[in-house]
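Student: Have a look at this prediction, sequence included:
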Amino acid sequence: MTFAALKHRLDLYEKLMRLDKPIGTLLLLWPTFWALWLATGGKPHWMLGWIFAFGTLLMRSAGCVINDYADRDFDPHVERTKDRPLAARMVSTREALTLAAVLAFCAFLVALPIFRDVWWLALIALFLAVSYPFTKRFFALPQAYLGIAFGFGIPMAFAAATGKVGALGWTLLIANIFWALAYDTEYAMVDREDDLKIGIRTAAITFGRFDVVAVMLCYAMTLAILAVVGWDLRYGVLYFAGLAVAGALAGYHYTLIRHRKREGCFAAFRHNKWFGAAIFAGIVAELNLRPWLQ
């Protein structure tokens with residue numbers, strides 16, 4: 001194989017893993033970091049941070065490959081996905097499955113230093129990542145399932161940092177489910193017409209004309225749950241300032257999706273990286289800066 005042919009192959013694998021689109025990795029990473037900072041009182045060990053950051057990237061990449069494998073016969077009929085490597089038949093199914101297996105194995109190796117504490121959660125996370133793409137065939141709200149899959153770094157972070165998940169970890173996971181319902185419904189609104197034609201089920205189709213209302217209610221539930229968490233932990237103004245910024249961003253998303261145009265809905269979805277970042281910034285500020293202000 002020539003260097004040019006190898007480079008072309010690697011470019012296809014990069015697109016299959018979505019390394020050119022980091023938004024998905026951030027949507028997994030922010031809630032994992034929320035949990036890691038809350039579980040450690042704002043002082044996570046540097047190794048835990050790197051393990052979860054790199055593990056998140058690997059598992060998200062593996063999940064994208066499995067998703068494209070599951071949707072390889074649907075994606076050619078969707079405008080946004082028709083040029084994906086598997087949909088365009090530029091990568092074989094054997095290559096895709098091999099790549100997914102290699103990525104999952106690498107994630108396993110990365111997690112070895114903490115594996116005894118999280119092994120059973122890691123197995124559940126792997127099952128969720130592999131099974132999610134197939135829920136679009138029969139589940140009316142696959143975005144809720146995605147919220148569990150994308151948020152499973154939360155209980156893993158608590159288990160790795162403290163040896164147990166506890167009520168706080170599971171509460172954060174519920175908050176993440178509502179957040180995923182919000183942002184992935186925005187994502188599904190982009191493809192609604194194509195999904196209706198090919199028979200894929202999504203929250204955007206299930207919610208119908210109430211899709212915008214449902215998205216905003218899910219943002220509200222996310223922030224309400226996180227507000228209860230902050231109140232219960234007796235956090236102060238810095239934590240709630242982060243939630244307030246996230247709430248303002250959700251309001252901005254409303255202006256993008258209210259007319260249900262593809263460009264606006266996709267922009268709102270991508271903008272969720274700032275929603276998660278605002279909440280994380282509030283947590284970091286509360287735990288690390290507040291003592292200096294007292």
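Tutor: Yep, it's here.
Student: can you give me the helices for the protein?
Tutor: With helices called from DSSP state H, the chain shows them at 3-17, 23-39, 46-70, 93-110, 115-135, 142-151, 153-162, 166-190, 192-198, 203-207, 211-232, 237-257, 262-288, 290-293.
Student: is it possible to export the ones you listed to TSV including distance to Glu79?
Tutor: (Glycine included, C-beta is placed from N, CA and C.) Putting those into TSV (distance: least, Cβ to Cβ, whole Å) gives the following:
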stretch	distance to Glu79
helix 3-17	17
helix 23-39	19
helix 46-70	16
helix 93-110	22
helix 115-135	19
helix 142-151	20
helix 153-162	32
helix 166-190	9
helix 192-198	6
helix 203-207	15
helix 211-232	19
helix 237-257	18
helix 262-288	9
helix 290-293	48
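Student: Which of the ones you listed has the lowest mean pLDDT?
Tutor: Lowest mean pLDDT within the helices of the chain: helix 290-293, at a mean of 68.
Student: about what we covered before: closest one to Arg84 among the helices of the chain?
Tutor: For Arg84, the closest of the helices of the chain is helix 46-70, at 5.6 Å, according to Cβ to Cβ.
Student: Kindly calculate the angle that the closest one makes with helix 142-151.
Tutor: Counting by axes from the mean of the first three to the mean of the last three Cα atoms, to 10 degrees, helix 46-70 lies at 150 degrees to helix 142-151.
Student: angle of helix 46-70 against helix 23-39?
Tutor: 150 degrees.
Student: circling back: mind checking which of the helices of the chain is nearest His77?
Tutor: Among the helices of the chain, helix 192-198 sits nearest to His77 (Cβ to Cβ), with 5.2 Å.
Student: Ok, which of the helices of the chain comes nearest Leu86?
Tutor: Of all the helices of the chain, helix 46-70 sits nearest to Leu86, with 4.5 Å by Cβ to Cβ.
Student: list the helices and strands that closest one packs on?
Tutor: helix 3-17, helix 23-39, helix 93-110, helix 115-135, helix 153-162 (3 or more Cβ pairs under 8 Å, 6 or more residues apart in numbering; DSSP states H and E).
Student: Deepest-packed of those, please.
Tutor: Among the helices and strands packed on helix 46-70, ranked by average contacts under mean count of other Cβ atoms under 10 Å, first place goes to helix 153-162 (a mean of 25).
Student: what about the closest residue to Thr171 other than its chain neighbours, neighbour count?
Tutor: Spatially, and ignoring its direct neighbours in sequence, Thr171 is nearest to Val229 (6.1 Å; Cβ to Cβ, 6 or more residues apart in numbering). Using other Cβ atoms under 10 Å, Val229 has 20 neighbouring residues.
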